[in-house]
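1. Provide a 3D model corresponding to the input given below.
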Amino acid sequence: MELGKLKKIIPDKIYKILQRQNIRELRPAQYKAIRQGLFKDKNLLVCTPTASGKTLVAEMIFQNIIINQKQKAIYLVPLKALATEKVKEFREKYGDLFKIGISIGDLDSSDVKLASYDLLIMTSEKLDALLRHNIPWLKNVGCVIIDEIHLLNDPSRGPTLEILITILRKLLQKVQLLGLSATIGNADELAAWLDAKLIEDSWRPVRLDKGVYLDGEISFQ
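-> Modelled structure (predicted):
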């Protein structure tokens with residue numbers, strides 16, 4: 001979908017940021033997310049293939065929360081290395097627009113300095129530890145983005161993430177939730193639990209073919 005055709009339904013400040021990034025069209029999942037209430041504080045669960053544009057959905061949500069609603073955004077990732085990668089990427093894109101922080105250190109630290117940031121990137125275990133310190137700035141959080149949300153099914157990490165989401169929904173009754181994943185087997189059930197609109201699409205930038213390899217030859221379906 002051409003970006004120009006969506007100008008009326010994208011907030012002006014967000015539209016200008018997309019233009020600044022030379023984005024001329026949105027991918028199917030991004031368009032569907034906007035139509036399903038991305039800019040209207042609706043919870044969303046995006047289940048689309050790798051490289052289909054899920055990250056930009058997250059970026060549009062935290063841009064809107066920070067710039068238009070003057071609230072904080074939290075971006076949860078499963079690994080410390082991924083948190084470091086994301087903070088570098090987002091600072092390059094948005095460092096001149098708002099303050100971006102990362103917290104992946106001592107789990108028993110309250111990290112008082114985090115109150116000064118607009119976008120906070122951390123692991124679910126770190127946020128769980130922060131909640132135990134009754135962080136005062138939590139009330140200013142307008143959205144929580146959960147990358148790789150299918151880890152709810154992970155035996156070791158899933159319970160922490162599930163409890164964390166439950167606590168956040170109780171403490172922040174108006175928080176906007178966004179779950180991202182390329183692999184969810186029970187997407188409808190998870191969307192219902194999150195009270196979220198389900199965004200599904202099979203589009204991918206590179207075609208995926210399936211075949212069987214035998215004796216040096218591949219037979220494609």
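2. and the spatially most central residue of the chain, how far from residue 121?
-> By CA atoms, centre = their mean, the chain has its centre lying nearest to residue 145, at 3.6 Å. According to CB to CB, to the nearest Å, residue 145 and residue 121 sit 9 Å apart. Placement of C-beta: from N, CA and C, glycine included.
3. spit out the contact partners of residue 114.
-> 101, 103, 120, 130, 135, 137 (CB atoms under 8 Å, 6 or more residues apart in numbering).
4. sorry, that was for residue 53
-> Here residue 53 is in contact with 26, 27, 28, 29, 30 (CB under 8 Å, 6+ apart).
5. of these - the most surrounded one?
-> Neighbour counts for these (other CB atoms under 10 Å) peak at residue 30, which has 28 neighbours.
6. centre of the chain versus the helix or strand that contains it, how much separation?
-> Assessed by DSSP states H and E, residue 30 sits inside helix 28-35. Relative to its parent chain, helix 28-35 has a centroid offset of 14 Å by CA atoms, centre = their mean, to the nearest Å.
7. right, and the helix or strand after it?
-> strand 44-47.
8. adjacent strands (with direction) for that next one?
-> strand 176-181 (parallel), strand 197-200 (parallel) (DSSP bridges).
9. deepest of those strands, which one?
-> Mean neighbour count, computed with mean count of other CB atoms under 10 Å, is highest for strand 176-181 among the strands paired with strand 44-47, reaching a mean of 25.
10. which elements pack onto whichever helix or strand comes after that one?
-> Following strand 176-181 in sequence order, the next helix or strand is helix 187-194 (DSSP H and E). Applying 3 or more CB pairs under 8 Å, 6 or more residues apart in numbering; DSSP states H and E, we find helix 187-194 packed against strand 44-47, strand 176-181, strand 197-200.
11. coming back round to it: let's have the strands paired with strand 44-47 in CSV, adding mean pLDDT and distance to residue 54.
-> CSV is the format used below for these (pLDDT from 0 to 100; distance: least, CB to CB, whole Å):
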stretch, mean pLDDT, distance to residue 54
strand 176-181, 97, 5
strand 197-200, 96, 9
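12. using a markdown table, please lay out these together with distance to residue 45.
-> Output for these, formatted as a markdown table (distance: least, CB to CB, whole Å):
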| stretch | distance to residue 45 |
| --- | --- |
| strand 176-181 | 4 |
| strand 197-200 | 5 |
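13. re the thing from before, could you check the angle the helix holding residue 30 makes with strand 176-181?
-> 160 degrees (axes from the mean of the first three to the mean of the last three CA atoms, to 10 degrees).
14. one step back: now flag whichever of the contacts of residue 53 is closest to residue 48.
-> When these are compared for distance to residue 48 (CB to CB), residue 29 wins out at 4.5 Å.
15. wait, doesn't that closest one sit right on residue 199?
-> Yes. The pair residue 29 / residue 199 is scored as a contact, 5.7 Å apart, by CB atoms under 8 Å.
16. thinking again about what came up before, what is in contact with residue 145 and residue 121 at once?
-> 74, 75.
17. now do the strands in the chain.
-> 44-47, 72-77, 100-103, 119-123, 141-147, 176-181, 197-200, 211-214, 217-220 (DSSP state E).
18. in CSV: these, plus distance to residue 59.
-> CSV is the format used below for the strands of the chain (distance: least, CB to CB, whole Å):
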stretch, distance to residue 59
strand 44-47, 12
strand 72-77, 10
strand 100-103, 12
strand 119-123, 10
strand 141-147, 9
strand 176-181, 10
strand 197-200, 15
strand 211-214, 35
strand 217-220, 36
